[in-house]
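In: Following is a predicted model, sequence given first.
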Amino acid sequence: MSLYQQEKAALPKPNYVYITDEFEARKAMNELAVFPVHQVDVEATALDPYEARWSLLQIGAHNKSYVFDVRYDTEHSSLNPEVLTPILTDPSIRRILQNANYDMKIIKRNLGFYLPNVYDTMLVEQLLNLGRGFTRASFVALVERYLGLQVDKEPRGTFMKYDQKFQPYQLEYAANDVVPLEPIMDMQWEKVKKEKLENACRLEFEFLVPLCEMELNGIKIDIDKWNVIMKDVDVERKEVKKIIQELLAETDDQTTLFGVSLVNIDSHAQLKSALRKTGMTIESTAAGELEKFKGVPVIDAILDYRKASKLISTYAQTLLDKISPVTGRLHTDFRQMVSTGRMSSSNPNLQNIPGKQKFRSCFIAPEGYSLLTADMSGAELRILGNLSRDPVFVEAYETGQDLHTRTASEMFGVPYEEAKQKKYRGAAKAINFGLCYGMSAVGLAKRLKITDMEAKQLISAYFKTYKGVKKFLDKAGKDAVRHRYSTTVSGRRRYYNMPPYDHPDRKKIQRSVERKGKNAGIQGANADTIKEAMILLVDRLKPYDARLILTVHDEVVVEAKDEQREEVAGVVAQSLIDGFGKYFETIPMKTDTLVGPCWLKAECENTSVAGKLIPGCGGTHMEFVPSPKYGTKLVCANCGKEQE
C-alpha cells in the first residue's frame, strides 16, 4: 500500500438477533411490522435453486438485523419458514434486496410465492450505468462506492454444509448482508430521480417475477432427437472440411498421396498462408475478414465449417450436460439487461439456438401439454414508425400494406405488385431492418452485394420517401452525442462515453455514438415493450395450468395444458399487444400464437396441396408424426406439410 492509499474501514459489527423458534419469530415479526422498509437476504447451500437447501432468512430494519434460522428439520432450529409468510407477503412493505432474482427463487421454491414490492440495488446500479462499460454492481462494490466501507466476503463459502452449527462470524456476515442496503437505496434513489429513471426502475422490479418464472420453469428437450441432429451436423462438418482441403490442394505444395491438402484448417496461421497462395490478400482469418470474400467457394466452405464446429462445441453434448438432474429440464440464466435494456442468456444460452425449425423441434412440451410461441410482429419497424410518425410509414400500416413492398415500390418507382419481386422487396427489407440497427452504406453494400455508391443511392432514395424517419434518426444520433445518452419510451437511458474535443479519435467515436444513438431508442423500446408484455402475461396466466418458460428478444414461449391451450393462446397474443400498447398507439402491435408440441418458428408457408397451388396455408397449429430417423417430425396440422 502506497503512502497515498488508505485502507477503507470494514463494515462495523452488526446489531442482530438470531432466531430459531416460532415464539421468537412472531415476536420479531411484530417488531418488524411497524417499519415500512425492510432489507431482505437469504443464505442457502447452493446457487442452483433446485439443489440449494435454504438455511437463513435475514430481514433488516432500522439498523437491526433479524436472522431467522429456517432449518426446522435439524437440531439447530424448530422454525418453519411458513411462519414468516405474513411479513414476507405484506404488499405495503418495501423490500430492498441485492440481486433479488436469487432470493426470490429460493423463497418461491420453498414457500410458493414471490416477494412483492421489491427494490433491487443491483438492478438500479445497472440502470444508472447502462452503456458505460463494465461498472461493478455487486454488493461489495456498492458498499464501497456508496458507504466507503469494505466487506469481507470470505465467509460466503461457509454456508454450503446444511446441517452445521452456525458460528458467530457466520451470523454476523449474514446480518451484514442486509444492514447497508437501505442507505445505499437512499443514495441511489437521488440519482434515479435526477436521471428520471423512476419508471424504468419500476419496470425492471416488476419484471423480476417473469424472469424468475422462466429460470425456474425451464424447458424440456428431446435428447435422442437432439443427438441425431448433432450427428448430422458433424457429418456435414466433415464433408465441408474435405471440400476445403480439396480446394486448397490446388495451390498447396504439401498434400497427401491422394492429393488432399495437409493444411490444418483450424490453425489460423496455416489457413491464412494457404489462402494467400490462392491469390487472396487477407489480413486475418477472422470471420469479418473472410466475409469480405463471400461467394468464393473456399471461403464459403470455411464459414460453413466454422459454423458447424461452433454449433457442435457449444450445443452438442455441452447443452445436454446442462439438464437439471432434479427437473430433467434446461434452466437458462438470464442477465436482465445489457446496454440496450434487452436480456441475454447463458448456461446454456437458449437465445442463440439456431433458428431453423429442426433445432427448435427438439425443445418440447411434456405429455398432455403444448408449447405456445408468439412474437411481436415486426416490432422494430412498428416502433420506428411510432417514434418517427412518418406519414408514409404510418399509412402503410393503416392500409394493411406490406411495408417492405411499399418501401420497394416508392424507392424503385415500380407498381406495388411488381415491387413484390424478390430483387425489389429484398433490398427494401434489408434497408428497413438495417436502419433500425444503425447500418451504414458500407454495411448495406455488404448485405446486398452491391457497391458502396449503389448502397448510398438506395439509402438516399429511402430517405426521400421516408422524410420523417430520416428526421427522427438524425435527431436521435445528434441527441446521443449532445446529451451523452439516449432515452427509451420507459425512460431507460443508454449512456455513452464521449472523449474531450481534442481527443485524436473524437470524430470516429462521435460517428459511432451517432450510429448507436439512432438504434438505441428502437432497441430499448423493444426491450421495454416485451418486458411489459411478460409482466402482464405472467399475471394473466395464474388461472390456467400454463407457465412462461422462455423469451428470445421479442418472442415468448408458454407451456399450457392441452385442454386450455386455445384460450391461453388468446391470452398470450393479447398480452403482447397490450404490452406494446402501453407505450405505442399510432401503429399497434399484431401477433398470432403458434400452437404445437414444440418450440415453433413460424406459421406454415406451404403453397401447394396435392400438387395444386393454394394462396398459402398460414397454419398456426403443428403436430408431431412418427419419423424413422428422428423419432418424430413436425408437420402442419392444417395441410400436413413437413416443417423441419
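Out: Noted; the coordinates are in hand. Numbers count the residues shown, from 1 in each chain.
In: SS state for Asn199?
Out: helix (DSSP: H, G, I helix; E, B strand; the rest coil).
In: Can you get me a residue count around the residue nearest to it when sequence neighbours are not counted?
Out: Excluding the flanking residues, the one nearest Asn199 by Cβ to Cβ, 6 or more residues apart in numbering is Gly491, at 4.5 Å. All C-beta spots, glycine's among them, are computed from the backbone N, C-alpha and C. Gly491 sits with 19 neighbouring residues when counted by other Cβ atoms under 10 Å.
In: for Gly131, same thing?
Out: 21.
In: shouldn't it be in contact with Tyr496?
Out: Yes. Assessed by Cβ atoms under 8 Å, Gly131 is found in contact with Tyr496 at 6.1 Å.
In: Find residues that contact each of those two.
Out: Both Gly131 and Tyr496 are in contact with Tyr485, where contact means Cβ atoms under 8 Å, 6 or more residues apart in numbering.
In: which ones are touching Thr451?
Out: Ala445.
In: And the pLDDT at it?
Out: Note for Thr451: predicted pLDDT of 88.
In: Repeat that for the one 10 residues further on.
Out: pLDDT for Ala461: 88.
In: residues contacting the nearest residue to it once chain neighbours are set aside?
Out: Leaving out its chain neighbours, the residue that sits closest to Ala461 by Cβ to Cβ, 6+ apart is Met411, at 4.5 Å. Residues near Met411 by Cβ under 8 Å, 6+ apart: Tyr424, Ala427, Ala428, Ile431, Leu458, Ala461, Tyr462, Thr465.
In: Would you mark the buried spots in stretch 474-491?
Out: Within stretch 474-491, the residues that qualify as buried by neighbour count (16 or more other Cβ atoms under 10 Å) are 476-477, 479-481, 484-491.
In: if you look at those, which of them are in helices?
Out: Secondary structure from DSSP state H places Ala476, Gly477, Asp479, Ala480, Val481 of these in helices.
In: TSV for those, including distance to Asp554?
Out: Converted to TSV, these look like this (distance: Cβ to Cβ, whole Å):
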residue	distance to Asp554
Ala476	20
Gly477	23
Asp479	24
Ala480	23
Val481	28
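In: will you turn these into TSV that also has pLDDT and distance to Asp304?
Out: TSV is the format used below for these (pLDDT from 0 to 100; distance: Cβ to Cβ, whole Å):
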residue	pLDDT	distance to Asp304
Ala476	96	37
Gly477	95	36
Asp479	97	42
Ala480	97	38
Val481	96	40
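In: does Leu458 really touch Leu444, like I thought?
Out: Yes. With contact defined as Cβ under 8 Å, Leu458 and Leu444 form a contacting pair (6.8 Å).
In: thinking again about what came up before, which one of the contacts of Met411 sits closest to Arg53?
Out: Distances from Arg53 to these, taken as Cβ to Cβ, are shortest for Ile431 (55.5 Å).
In: which residues does the spatially closest residue to the closest one that is not a sequence neighbour contact?
Out: Nearest residue to Ile431 in three dimensions, chain neighbours excluded: Tyr462, at 5.2 Å (Cβ to Cβ, 6+ apart). Taking Cβ under 8 Å, 6+ apart, we find Tyr462 in contact with Thr407, Met411, Ala428, Ile431, Leu435.
In: For the residues you listed, pick the one with the most neighbours.
Out: Thr407 (27 neighbours).
In: Which element, helix or strand, includes that residue?
Out: Using DSSP states H and E, Thr407 sits within helix 403-412.
In: Centre of the chain to that helix, how far?
Out: From the chain centre to the centre of helix 403-412 is a distance of 32 Å (Cα atoms, centre = their mean, to the nearest Å).
In: gap between Tyr495 and Gly133?
Out: Tyr495 sits at a distance of 9 Å from Gly133 (criterion: Cβ to Cβ, to the nearest Å).
In: Which of the two has more residues huddled nearby?
Out: Taking other Cβ under 10 Å, Tyr495 and Gly133 do not tie; Tyr495 has more neighbours (20 against 8).
In: Contacts only, for the more buried one.
Out: Contacts of Tyr495 by Cβ under 8 Å, 6+ apart are Asn129, Leu130, Gly131, Arg132, Arg484, Tyr485.
In: these two touch, right, Pro180 and Pro12?
Out: No. The criterion here is Cβ under 8 Å, and Pro180 misses it with Pro12 at 10.3 Å.
In: which of the two has more neighbours?
Out: More neighbours surround Pro180 than the other of Pro180 and Pro12, with 23 against 9 (other Cβ under 10 Å).
In: Could you tell me how far the more buried one is located from Glu603?
Out: Distance from Pro180 to Glu603, by Cβ to Cβ: 52 Å.
In: next one: Val572
Out: Taking Cβ to Cβ as the measure, Val572 falls 15 Å from Glu603.
In: With neighbour numbers in mind, choose between those two.
Out: Neighbours were counted for Val572 and for Glu603 using other Cβ under 10 Å; Val572 has more, 28 against 18.
In: Go through the helix or strand harbouring the more buried one and flag the buried ones.
Out: Assigned by DSSP H and E, Val572 belongs to helix 565-581. Under the neighbour-count criterion of 16+ other Cβ under 10 Å, helix 565-581 has 565, 568-569, 571-580 buried.
In: okay if I get these as a markdown table plus distance to Glu642?
Out: Putting the buried residues of helix 565-581 into a markdown table (distance: Cβ to Cβ, whole Å) gives the following:
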| residue | distance to Glu642 |
| --- | --- |
| Arg565 | 22 |
| Val568 | 26 |
| Ala569 | 23 |
| Val571 | 30 |
| Val572 | 25 |
| Ala573 | 26 |
| Gln574 | 31 |
| Ser575 | 31 |
| Leu576 | 28 |
| Ile577 | 31 |
| Asp578 | 35 |
| Gly579 | 33 |
| Phe580 | 33 |
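In: and the angle for the helix or strand harbouring Asn526 with helix 565-581?
Out: Per DSSP H and E: Asn526 is located in helix 506-540. Here helix 506-540 runs at an angle of 140 degrees relative to helix 565-581 (axes from the mean of the first three to the mean of the last three Cα atoms, to 10 degrees).
In: how about low-confidence regions in this structure?
Out: When residues are selected by pLDDT under 70, those of the chain lie in 1-6, 251-261, 608-615.
In: again, 50 this time
Out: Within the chain, the set of residues satisfying pLDDT under 50 comprises 1-5, 257-258.
In: quick one on the thing from earlier: check the contact lists of Leu458 and Leu444 and give me the overlap.
Out: The overlap between the contact sets of Leu458 and Leu444 (Cβ under 8 Å, 6+ apart) consists of Ile431, Ile450.
In: Give me the three-state assignment for Ala602.
Out: Ala602 - assigned by three-state DSSP - is coil.
In: Sorry, slip of the keys, the one I care about is Tyr66.
Out: With three-state DSSP as the basis, the three-state label of Tyr66 is strand.
In: For it, list each beta-bridge partner.
Out: Counting by DSSP bridges, Tyr66 forms beta bridges with Val17, Ile59.
In: For it, list the residues it contacts.
Out: Per Cβ under 8 Å, 6+ apart, neighbours of Tyr66: Tyr16, Val17, Ile19, Ala28, Glu31, Leu32, Gln58, Ile59, Gly60.
In: Show me the two of the residues you listed that sit farthest apart.
Out: Glu31 and Gln58 (14.4 Å).
In: Surely Lys153 and Val140 touch.
Out: Yes. Lys153 is within contact range of Val140, at 6.0 Å (criterion: Cβ under 8 Å).
In: what separates Tyr18 from Leu271, distance-wise?
Out: Tyr18 is 63 Å from Leu271, by Cβ to Cβ.
In: Give me the more crowded residue out of these two.
Out: Neighbours were tallied for Tyr18 and for Leu271 using other Cβ under 10 Å; the higher tally belongs to Leu271 (21 against 17).
In: Was I right to think the more buried one contacts Val263?
Out: Yes. Contact criterion Cβ under 8 Å: Leu271 and Val263 qualify, at 6.5 Å.
In: Any chance of the backbone angles for Ala44?
Out: Per-residue torsions, Ala44: phi -140, psi 170 (degrees, to the nearest 10).
In: Next, the contact list for the nearest residue to it once chain neighbours are set aside, please.
Out: In space, Ala44 comes closest to Ala52 once its chain neighbours are excluded; the distance is 3.9 Å by Cβ to Cβ, 6+ apart. Residues in contact with Ala52 (Cβ under 8 Å, 6+ apart) are Ala44, Thr45, Ala46, Ile106, Arg109.
In: Many thanks, have a good one.
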